[in-house]
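Novice: structure here, sequence nowhere to be found:
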């Protein structure tokens with residue numbers, strides 16, 4: 001399995017591209033750098049073949065590009081998010097979008113996930129973990145054969161972690177979520193922002209857990 005990525009530009013999240021039987025995107029960025037995003041994805045995959053977009057949580061920097069990407073693909077694709085994130089996305093409000101001079105369009109979520117669901121991405125089954133703390137609807141996605149974790153804004157590289165001071169954030173929940181992820185065998189870490197780690201990712205997650213506990 002190959003996990004390809006488009007590093008976030010400006011406020012955009014990282015975007016992950018997984019090809020295979022079910023070609024998929026994870027997160028979409030803000031939509032403010034649409035031409036760059038489409039160009040970079042197209043270097044990896046024929047974007048028209050994408051069948052689903054999975055959103056790691058509801059924040060605008062991860063979901064704002066959803067409509068533009070879906071319109072560009074030009075056919076029915078499945079939009080997937082945790083049920084708590086889905087409620088916010090379908091409501092269509094974002095103060096961050098307003099700060100950037102744009103709007104967060106409401107969008108229907110086709111499949112609403114819960115903790116411990118399993119979904120097919122590319123050729124593989126991925127475990128879904130609800131990891132609240134940054135937002136109630138955050139998820140991490142884990143593929144056990146490659147020992148890969150797509151961590152959204154829960155865990156970043158080099159011992160960093162998601163903010164918990166936004167509406168819906170909670171430090172104790174974030175600690176519990178990172179603790180849960182630290183029990184997985186993770187070789188490769190694909191976070192929502194910052195650098196990707198493709199070996200020894202367990203060390204980065206354990207460092208994140210140590211660091212976040214310092215704020216308790």
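Specialist: Okay, I see it. All figures in this text were calculated on a predicted structure; none of them were measured in a lab.

Novice: worst-scoring helix or strand of the protein, pLDDT-wise?
Specialist: helix 95-99 (a mean of 77; mean pLDDT, DSSP states H and E).

Novice: give the buried residues for that one.
Specialist: For helix 95-99, a neighbour-count test (16 or more other CB atoms under 10 Å) marks residue 97 as buried. All C-beta spots, glycine's among them, are computed from the backbone N, C-alpha and C.

Novice: got the contact list for it?
Specialist: 30, 59, 60, 61, 64, 103, 104 (CB atoms under 8 Å, 6 or more residues apart in numbering).

Novice: can you rerun that using 10 Å?
Specialist: By CB atoms under 10 Å, 6 or more residues apart in numbering, the residues outside helix 95-99 that reach it are 11, 30-32, 59-61, 63-64, 102-105, 166-167.

Novice: mind listing which of the residues you listed are in helices?
Specialist: Mapping the contacts of helix 95-99 onto helices (DSSP state H) picks out 60, 61, 63.

Novice: isn't the first one right up against residue 135?
Specialist: No: with the criterion set as CB atoms under 10 Å, residue 60 and residue 135 do not qualify as a contacting pair; they are 11.6 Å apart.

Novice: how about the residue nearest in space to the middle of the chain, secondary structure?
Specialist: Closest residue to the average C-alpha location of the chain: residue 56 at 3.2 Å, with CA atoms, centre = their mean. Look at residue 56: counting by DSSP: H, G, I helix; E, B strand; the rest coil, its state is coil.

Novice: follow-up on the earlier one: ok, the contacts of helix 95-99 vs residue 79, which is closest?
Specialist: Comparing the contacts of helix 95-99 against residue 79 with CB to CB places residue 63 closest, at 9.5 Å.

Novice: separation between the closest one and residue 214?
Specialist: Noted for residue 63: a distance of 30 Å to residue 214, by CB to CB, to the nearest Å.

Novice: just residue 168 next, same as before
Specialist: Going from residue 168 to residue 214 by CB to CB gives 22 Å.

Novice: which of those two has more neighbours?
Specialist: More neighbours surround residue 168 than the other of residue 168 and residue 214, with 19 against 6 (other CB atoms under 10 Å).

Novice: pretty sure the more buried one contacts residue 174?
Specialist: No: taking CB under 10 Å as the definition, residue 168 is not a contact partner of residue 174, at 11.2 Å.

Novice: which residues do these two both contact?
Specialist: Common neighbours of residue 168 and residue 174 are listed as 132, 133, 134, 138 (criterion: CB under 10 Å, 6+ apart).

Novice: list the contacts for the closest residue to the third one other than its chain neighbours?
Specialist: Read it as residue 134. Leaving aside its sequence neighbours, residue 134 sits nearest to residue 162 (CB to CB, 6 or more residues apart in numbering; 3.5 Å). By CB under 10 Å, 6+ apart, residue 162 lies in contact with 57, 59, 131, 133-135, 138, 151-156, 169, 174, 177-178, 191-193, 208, 212.

Novice: now those residues: which count as buried?
Specialist: Listed as buried from the contacts of residue 162 are 57, 59, 131, 133-135, 138, 151-156, 169, 174, 177-178, 191-193, 208, 212; burial here means 16+ other CB under 10 Å.

Novice: so which residues of the chain form helices?
Specialist: Under DSSP H, the chain gives helices at 34-42, 60-63, 66-73, 83-91, 95-99, 171-182, 201-213.
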